[in-house]
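Colleague: Please work out how this folds:
(chains A and B)
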Protein chains: 2
Amino acid sequence: MTQPSERALVPFVSVDHMMQFIHLIGVEPMLRELADYIEADFRRWESFDKTPRVASHSEVGVIELMPTSDGEAYGFKYVNGHPKNTKEGLQTVTAFGLLADVATGYPTLLTEMTLLTAMRTAATSAMVAKYLAPKGADTMAMIGNGAQSEFQTLAMKAVCGLKTVRLYDIDPAATEKCARNLAGQGVNVVKCRTAEEAIEGAQIITTCTADKQYATILTDNMVGAGVHINAIGGDCPGKTELHRDILLRSDIFVEYPPQTRIEGEIQQLDPDHPVIEMWQVITGAAQGRTSDRQITLFDSVGFAIEDFSALRYVRDRIRGTGLYQELDMLADPDDPRDLFGMLLRSKTASAA
Amino acid sequence: MTQPSERALVPFVSVDHMMQFIHLIGVEPMLRELADYIEADFRRWESFDKTPRVASHSEVGVIELMPTSDGEAYGFKYVNGHPKNTKEGLQTVTAFGLLADVATGYPTLLTEMTLLTAMRTAATSAMVAKYLAPKGADTMAMIGNGAQSEFQTLAMKAVCGLKTVRLYDIDPAATEKCARNLAGQGVNVVKCRTAEEAIEGAQIITTCTADKQYATILTDNMVGAGVHINAIGGDCPGKTELHRDILLRSDIFVEYPPQTRIEGEIQQLDPDHPVIEMWQVITGAAQGRTSDRQITLFDSVGFAIEDFSALRYVRDRIRGTGLYQELDMLADPDDPRDLFGMLLRSKTASAA
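Modeller: Here you go, the predicted model:
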């Protein structure tokens, strides 16, 4: 068989390779480095081609493509959301992503993104909390102890110096699972029996629950002055976690307003309710936290640029690790016009 | 290492496997079967979710995602178009595609689509010619002898009984290449020195040239009564092949009018110029060829549903051939909420 040329091969990072890659770098160092990549891309936010995500809805779920480009690289993520999957022993969300060279259109990386998305979501939360959480914040209430909770906790530790996490979930088994996974990771873990108990003494409140419905994980009287709320669970139409009154008392920071108004907590508010774009806080064009008593709310829905940052990171850091396979994905005849000749010769070659 | 479950594995068809697969089925049988799959999907055209393609343009090319769904399966194709690539020894167009299960969102097939697109484009042309070409048509002029030309010729042979192809290209080397590749394939090959010579006695005229600019491959006086024109080269804004006067004398058949009006030959005409949707000809809702003297024109630009048909075909026919590898692409923890636990255990497992 004729060997394909090097440019016809696309590095592919499997789930197994991604896990080995995370262990090679270390969970916390990788979360810190991802936060740096994401922060760098937020800083040059205006240089990105920000296409809205392309969604294909069915009665049981959604399949989305999230593309973006910085003019040099092009990336997209494939991601599904099927809440009923869990009952069938399947993942609610699976994802993979691709990076390509804008100059040639040739793909340069294909990778699993279920693990990578958990890492980038946590790194984004922590990067934002670094700007918005009150000074000296070292305690977080983690409400919702599902698949994202350990990643969120360790990112806050790695990037913001978190010392204590206070766990709460309506399902005590989820809290036990999270506490067990965090044992020996260098964070004090406090298991709580109510959401009220979890937020006692916490300067950061992270909500990450899974129901696709309007829910009220936090009520107004639970949220005191000065806290930073990291709301990552409200991420599709009809799914919110916070009581509307909390939003009205908060300064609200978002990734990309056109998407957040449809998918985030602010879908409960008027379409012209003021919000602050996070990239402007990072460049200094807008103010972040301005007082000790202010409630800051990061209404996070996850944006394509964060996936792009994560893809860039993997492409840069995976080199030389051997933690990928080369996929023969692109037809590459010697003469570009001779695709059929390549096909003909492959028959002769395999018969020989 | 813990083995991923079967559902976490996605079959991947490489370029090498695709070539072996084509040889296993046979080029002509596969073109016939593809034409049947495409015809079946045109017949149920209205049951598809027809999202417009999502394009990311740069100064040197375009990268596109072409998604569609029939409610049971979801498919998309990644395809680039970079005319200047040829000068750098790269392909102008490379492509890959993915099929997923709408019910779960899980991918079910990943495949190269550069070869597969050439096959589906040829199968579509032939399926359409079966409806529109004059009775007894057995001679085709093939103007433009690049990467698509052999596929187009063999599809017309396999589906419509073509006996003779008359080749012309502005570059005689392309014609030589095409004639060489078609030798022994059971078609009479006539090399011509002008386009005028190529169309002598041809009932079908296929134009497939590559320049991204308004070109006039056929002028009005070259096209006589009764022919079928299969115009596949005009497929992006600013790129056409036929003189406008030919269009005005023809009945024009298209895949999906909103896309063809932007990308096809009819971008030269008024936006309300009448066209006939090909799927309606197939269901009988519209008439195809109605007289011997009529000029029919298939203004082909390539639509997502044709890729979907091709993906469906590969998924159905590749089973049991062994001509794919299983990619560990989807994270699949035993407990869907325990993604971090899966990561932790992978460290212990690989250390053991």
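
Colleague: Can you show me the strands along the stretch 251-352 of chain A?
Modeller: Using DSSP state E, counting those that start in this stretch, the strands of the stretch 251-352 of chain A run over A:276-277, A:295-299, A:325-328.

Colleague: cool, and the stretch 101-250 of chain A?
Modeller: Under DSSP E, counting those that start in this stretch, the stretch 101-250 of chain A gives strands at A:107-112, A:139-143, A:164-168, A:188-191, A:204-207, A:214-218, A:228-231, A:240-242, A:250-254.

Colleague: Out of the ones you listed, flag the one nearest chain B.
Modeller: strand A:107-112 (5.6 Å; CB to the nearest CB). In this view, the C-beta of every residue, glycine as well, is placed from N, C-alpha and C.

Colleague: Which residues does the closest one contact?
Modeller: A:10-15, A:18, A:73, A:95-101, A:311, A:314-315, A:318, A:327, A:329-330, B:78, B:94, B:96, B:328-331 (CB atoms under 8 Å, 6 or more residues apart in numbering or on different chains).

Colleague: Using PDB, write down the CA coordinates of that strand.
Modeller: Only the C-alpha atoms of strand A:107-112 are listed here, as PDB (Å, rounded to 0.1, in the frame of the first residue of the first chain):
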ATOM      1  CA  PRO A 107      -7.600  19.500   9.700                       C
ATOM      2  CA  THR A 108      -4.700  19.500  12.200                       C
ATOM      3  CA  LEU A 109      -6.300  17.800  15.300                       C
ATOM      4  CA  LEU A 110      -9.200  15.600  16.100                       C
ATOM      5  CA  THR A 111      -9.900  15.000  19.800                       C
ATOM      6  CA  GLU A 112     -12.400  13.700  22.300                       C
END
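
Colleague: what angle separates it from strand B:107-112?
Modeller: Note on geometry: by axes from the mean of the first three to the mean of the last three CA atoms, to 10 degrees, strand A:107-112 and strand B:107-112 are set 160 degrees apart in direction.

Colleague: Listing partners with orientation, what would you give for strand A:107-112?
Modeller: Strand A:107-112 pairs in its sheet with strand A:9-13 (parallel), strand A:95-101 (antiparallel), by DSSP bridges.

Colleague: on that earlier part again, which stretch among the strands of the stretch 251-352 of chain A comes nearest chain B?
Modeller: Closest to chain B of these, according to CB to the nearest CB: strand A:325-328, at 4.0 Å.

Colleague: Tell me the buried residues in that closest one?
Modeller: For strand A:325-328, burial by neighbour count (16 or more other CB atoms under 10 Å in any protein chain shown) applies to A:Gln325, A:Leu327, A:Asp328.

Colleague: now swap in stretch A:82-91 and tell me
Modeller: Quick answer for stretch A:82-91 (16+ other CB under 10 Å): A:His82, A:Pro83, A:Asn85, A:Leu90, A:Gln91.

Colleague: and it with chain B, contact?
Modeller: Yes. Judged by CB under 8 Å from any CB of the partner chain, stretch A:82-91 comes into contact with chain B at A:His82, A:Asn85, A:Thr86, A:Glu88, A:Gly89, A:Leu90, A:Gln91.

Colleague: where does the second one land in three-state SS?
Modeller: It stands for A:Asn85. Taking DSSP: H, G, I helix; E, B strand; the rest coil as the rule, one finds A:Asn85 in the helix state.

Colleague: follow-up on the earlier one: kindly reformat the strands of the stretch 251-352 of chain A as CSV containing distance to B:Ala126.
Modeller: Shown next, in CSV, are these (distance: least, CB to CB, whole Å):
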stretch, distance to B:Ala126
strand A:276-277, 52
strand A:295-299, 53
strand A:325-328, 28
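
Colleague: Turn those strands into TSV, columns for distance to chain B.
Modeller: Shown next, in TSV, are the strands of the stretch 251-352 of chain A (distance: least, CB to the nearest CB, whole Å):
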stretch	distance to chain B
strand A:276-277	22
strand A:295-299	21
strand A:325-328	4
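
Colleague: Could you check the pLDDT of the residue of the stretch 151-300 of chain A found nearest chain B?
Modeller: Using CB to the nearest CB, A:Asn181 is the residue of the stretch 151-300 of chain A that sits closest to chain B, at 5.0 Å. A:Asn181 carries a pLDDT value of 97.

Colleague: I figured it was touching B:Gly341, is that so?
Modeller: Yes. Checked against CB atoms under 8 Å, the pair A:Asn181 and B:Gly341 is within contact range at 5.3 Å.

Colleague: Compare those two (neighbour count), which wins?
Modeller: Set A:Asn181 next to B:Gly341 and count neighbours by other CB atoms under 10 Å in any protein chain shown: A:Asn181 wins out with 23 against 18.

Colleague: just to revisit the earlier point, go through the buried residues of strand A:325-328 and say which is closest to B:Ala304.
Modeller: Nearest to B:Ala304 among the buried residues of strand A:325-328, counting by CB to CB, is A:Leu327 at 23.0 Å.

Colleague: can you pull the contacts of that closest one?
Modeller: By CB under 8 Å, 6+ apart, A:Leu327 lies in contact with A:Leu9, A:Val10, A:Pro11, A:Phe12, A:Leu110, B:Phe12, B:Ser14.

Colleague: Turn the residues you listed into JSON lines, columns for distance to A:Arg43.
Modeller: Formatted as JSON lines, those follow (distance: CB to CB, whole Å):
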{"residue": "A:Leu9", "distance to A:Arg43": "33"}
{"residue": "A:Val10", "distance to A:Arg43": "29"}
{"residue": "A:Pro11", "distance to A:Arg43": "27"}
{"residue": "A:Phe12", "distance to A:Arg43": "30"}
{"residue": "A:Leu110", "distance to A:Arg43": "27"}
{"residue": "B:Phe12", "distance to A:Arg43": "37"}
{"residue": "B:Ser14", "distance to A:Arg43": "39"}
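
Colleague: Kindly indicate the member of those residues with the most neighbours.
Modeller: Neighbour tally across the contacts of A:Leu327 (other CB under 10 Å): the maximum, 26 neighbours, falls on A:Leu110.

Colleague: So what sits opposite A:Val207 in the bridge?
Modeller: Actually, residue A:207 is Thr. It isn't Val. Beta-bridge pairing of A:Thr207, defined through DSSP bridges, involves A:Ile143, A:Ala231.

Colleague: is it true that it touches A:Gly144?
Modeller: Yes. Assessed by CB under 8 Å, A:Thr207 is found in contact with A:Gly144 at 6.1 Å.

Colleague: A:Asp251: how many residues sit nearby?
Modeller: Other residues within reach of A:Asp251, judged by other CB under 10 Å, total 17.

Colleague: tell me the pLDDT at it?
Modeller: Note on A:Asp251: pLDDT of 97.

Colleague: my guess is it meets A:Leu297, correct?
Modeller: Yes. Contact criterion CB under 8 Å: A:Asp251 and A:Leu297 qualify, at 6.9 Å.

Colleague: hang on, the earlier thing: what residues are up against the residue of the stretch 151-300 of chain A closest to chain B?
Modeller: Contacts for A:Asn181 (CB under 8 Å, 6+ apart) come out as A:Glu150, B:Asp338, B:Phe340, B:Gly341, B:Leu344.
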